[in-house]
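In: Provide a 3D model corresponding to the input given below.
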Amino acid sequence: MLHVFGKNPTRNIQRRFLGLTNYQNGRFENLGGVSFRPTDAPMGKMLRDFLRKPRTVTPSRPLPTLQTDLHHPASELPTIIWFGHSSYLIQADGRNILVDPVFSGAASPVSFAVKAYPGSDAYQVADLPPIDVLVLTHDHYDHLDYATVRALREKVQHVITPLGVSGHLRAWGYAPEQLTELNWHDTAEPLPGVHLTATPAQHMSGRSLAARQTLWASYVLELPGARLFLGGDSGYGPHFRAIGEQYGPFDVALLENGQYNLSWHAIHCLPEETARAAQDLGAKLLLPVHWAKFTLAYHPWNEPIQLVLQAADAAGLPVTVPRIGEPYTLGTPPKREAWWAFD
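Out: Numbers count the residues shown, from 1 in each chain. I've put the predicted structure just below:
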């Protein structure tokens with residue numbers, strides 16, 4: 001059981017972080033000192049939210065999904081296949097880039113908690129092609145899944161993580177030469193023509209009681225002829241505009257949209273903020289993620305997509321909302337079939 005928690009950086013590794021502007025007093029920090037503490041979401045309020053949650057926090061029937069042969073991409077152009085929540089595969093020119101995969105059926109250290117919605121768990125590790133680059137944004141259980149990452153080990157060539165996160169993977173059997181850690185604004189080229197730059201996010205980390213021992217990040221992914229923003233988890237802040245000015249514009253931004261609560265507003269966007277963040281980034285298109293698989297907050301399960309579409313449409317921002325498993329190729333018309341339109 002303890003292996004699920006992974007391994008935080010040792011004291012020797014922590015010494016390498018000393019002097020970094022985003023590392024203070026033994027912990028990583030957000031820009032501007034933005035923070036979230038457990039006391040910001042007191043247990044009494046969380047219990048009241050739980051007891052008052054609507055029945056629509058989970059879908060009333062299995063989600064519609066599409067089975068796609070991931071081993072034979074239909075296009076050489078950059079194509080995104082979303083697996084629900086924040087897991088997705090980017091295929092381009094014969095390369096496979098996998099982001100935050102969670103295929104175990106639960107976003108939790110125990111299998112019986114935070115279970116995937118019926119229908120949303122349509123893909124498993126066995127369905128995936130060989131993975132050229134595995135990208136991890138941070139070490140929370142809904143983004144870094146022990147069972148999935150262990151099962152992927154023989155399929156993965158390179159892994160890109162924020163500072164400190166690779167310690168979990170080393171504890172789970174990955175070889176040091178597979179792993180590259182980045183601080184914000186560091187760049188790696190794991191394959192010719194594939195550039196990944198870690199950029200700030202306004203969030204936190206932790207798989208145990210010791211929080212913020214590892215860094216969290218978003219990424220700029222540059223492919224031949226395309227630039228994508230991989231948002232990870234983040235509250236809204238000025239970093240989005242700064243990233244857009246330094247690295248944008250973007251052909252598509254994959255941004256967190258869902259599992260929000262005012263108690264943790266500092267580290268998770270509300271839907272209207274997701275649309276605003278995409279505009280700040282200079283994104284030509286928004287693909288909302290972090291919804292339609294797990295209940296981590298007590299809003300109706302499909303409220304995030306309804307609200308973000310309202311905000312984006314009002315701003316004239318194109319949004320694509322493919323079904324789980326449905327490929328979306330950059331440059332093609334956005335997918336807007338309302339497959340989520342049920343309680």
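In: Residue 198 reaches residue 180, doesn't it?
Out: No - here residue 198 does not reach residue 180: they are 10.0 Å apart, not a contact under Cβ atoms under 8 Å. (C-beta placed from N, C-alpha, C; glycine too.)
In: so who does the closest residue to residue 253 other than its chain neighbours touch?
Out: Among residues not flanking residue 253 along the chain, residue 283 sits closest, at 3.7 Å (Cβ to Cβ, 6 or more residues apart in numbering). Residue 283 makes contact with 229, 244, 248, 249, 250, 251, 252, 253, 317 under the criterion Cβ atoms under 8 Å, 6 or more residues apart in numbering.
In: Starting from residue 277, give me the distance back to residue 283.
Out: Counting by Cβ to Cβ, to the nearest Å, the separation of residue 283 from residue 277 is 8 Å.
In: shared neighbours of the two, anything?
Out: The contact lists of residue 283 and residue 277 share residue 253, where a contact means Cβ under 8 Å, 6+ apart.
In: which residues of the stretch 51-200 of the chain fall in helices?
Out: With helices called from DSSP state H, counting those that start in this stretch, the stretch 51-200 of the chain shows them at 146-152, 166-171.
In: could you redo those as CSV and give each row mean pLDDT?
Out: Listed next are these as CSV, based on pLDDT from 0 to 100:
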stretch, mean pLDDT
helix 146-152, 98
helix 166-171, 97
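In: Regarding residue 314, what is its secondary structure?
Out: helix (DSSP: H, G, I helix; E, B strand; the rest coil).
In: pull the helix or strand with minimum mean pLDDT from this structure.
Out: helix 43-52 (a mean of 54; mean pLDDT, DSSP states H and E).
In: where does this protein dip in pLDDT?
Out: In the predicted model, the chain carries pLDDT under 70 at residues 1, 37-51.
In: Apply 50 and report the result again.
Out: Within the chain, the stretches with pLDDT under 50 are 43, 46.
In: Make TSV from the helices of the stretch 51-200 of the chain and add mean neighbour count and distance to residue 30 to it.
Out: Below are the helices of the stretch 51-200 of the chain laid out as TSV (neighbours: other Cβ atoms under 10 Å; distance: least, Cβ to Cβ, whole Å):
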stretch	mean neighbour count	distance to residue 30
helix 146-152	19	25
helix 166-171	20	21
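In: Need these in CSV (columns: distance to residue 80).
Out: Formatted as CSV, the helices of the stretch 51-200 of the chain follow (distance: least, Cβ to Cβ, whole Å):
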stretch, distance to residue 80
helix 146-152, 19
helix 166-171, 24
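In: nearest to residue 129, of these?
Out: Residue 129 lies closest to helix 146-152 among these, at 11.4 Å (Cβ to Cβ).
In: now for the closest one, which elements pack on it?
Out: Where contact means 3 or more Cβ pairs under 8 Å, 6 or more residues apart in numbering; DSSP states H and E, helix 146-152 is packed against strand 131-135.
In: contacting residues for residue 239?
Out: Contacts of residue 239 (Cβ under 8 Å, 6+ apart): 31, 199, 200, 201, 202.
In: Let's see if you can find the most crowded of those residues.
Out: Greatest neighbour count in the contacts of residue 239, by other Cβ atoms under 10 Å, goes to residue 201: 28 neighbours.
In: tell me the contacts of that residue?
Out: 137, 138, 216, 217, 218, 231, 232, 233, 234, 239.
In: repeat for residue 163
Out: Residue 163 neighbours (Cβ under 8 Å, 6+ apart): 17, 20, 28, 181, 182, 183, 214, 215.
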